[in-house]
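Chemist: Quick one: sequence plus predicted model below, questions after.
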Amino acid sequence: DAEITQSPRHKITETGRQVTLACHQTWNHNNMFWYRQDLGHGLRLIHYSYGVQDTNKGEVSDGYSVSRSNTEDLPLTLESAASSQTSVYFCASSPGQPYGYTFGSGTRLTVV
Amino acid sequence: QKEVEQNSGPLSVPEGAIASLNCTYSDRVSQSFFWYRQYSGKSPELIMSIYSNGDKEDGRFTAQLNKASQYVSLLIRDSQPSDSATYLCAVSLGGYNKLIFGAGTRLAVHP
């Protein structure tokens, strides 16, 4: 069965370190997204991609980057982790407009 | 700044009752509308999508859309304790496959 997987499930890192969160989907979806979820803010879009070599900034992109070298993967990199980036991160994929997203199981990141 | 607004709740309903969840959005050209269910500690799960004005029914769930009023709702009939979760409203930004989410409404169904 097709799926979307995120790794790791939990991560603790120190302030200032570079961290990469993985997202891999086998749906063959062109569109992939990264969101963060915090109490009181709901899901906020960090970065998204509509295909290989395409990346776009979302509403909370500062301090994050992504790259899309193939259809299956969209890794999210925190360049220099900050305590404000402690959150739950969700990756999602979609076949495109007008369809909704399928979400991965999430990564809980703690920056200490 | 495009927004999606939901009452945070909690919305408490007795088992067997109808739960009514509401959502308003600001982007007049939004074309796709979704309801997601999220259990505590889990990822959002798509339960309903709606694209045109009116009602769409799927089992115990009915989604309602009124584009003129920029209003989307979700009705859950015969509510069960297993329906207790946070329900997220999501709206596409313009004609693009980019969703803006509301902060969610927490639903509690008590026996």
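Modeler: Sure, I can see it. Numbers count the residues shown, from 1 in each chain, chains lettered A, B, ... in the order given.

Chemist: got the phi/psi numbers for residue 39?
Modeler: As the question left the chain open, I've gone with chain A. As for A:Leu39, its main-chain torsions (degrees, to the nearest 10) stand at phi -60, psi 130.

Chemist: You answered for a different chain; I wanted chain B.
Modeler: The phi/psi pair for B:Tyr39 (degrees, to the nearest 10) reads phi -80, psi 150.

Chemist: Neighbours of it, how many?
Modeler: For B:Tyr39, the count of nearby residues is 12 (other Cβ atoms under 10 Å in any protein chain shown). To be clear about C-beta, it is placed using only N, CA and C from the backbone, and glycine gets the same treatment.

Chemist: A:Leu43 too?
Modeler: A count of nearby residues for A:Leu43, using other Cβ under 10 Å, gives 26.

Chemist: wait, it sits on B:Gln38?
Modeler: No: with contact defined as Cβ atoms under 8 Å, A:Leu43 does not reach B:Gln38; the gap is 9.3 Å.

Chemist: what touches both of these two?
Modeler: Common contact partners of A:Leu43 and B:Gln38 (Cβ atoms under 8 Å, 6 or more residues apart in numbering or on different chains): B:44, B:88.

Chemist: My understanding was that B:Ser84 contacts B:Leu107; is that so?
Modeler: Yes: if you go by Cβ under 8 Å, B:Ser84 and B:Leu107 touch, sitting 6.0 Å apart.
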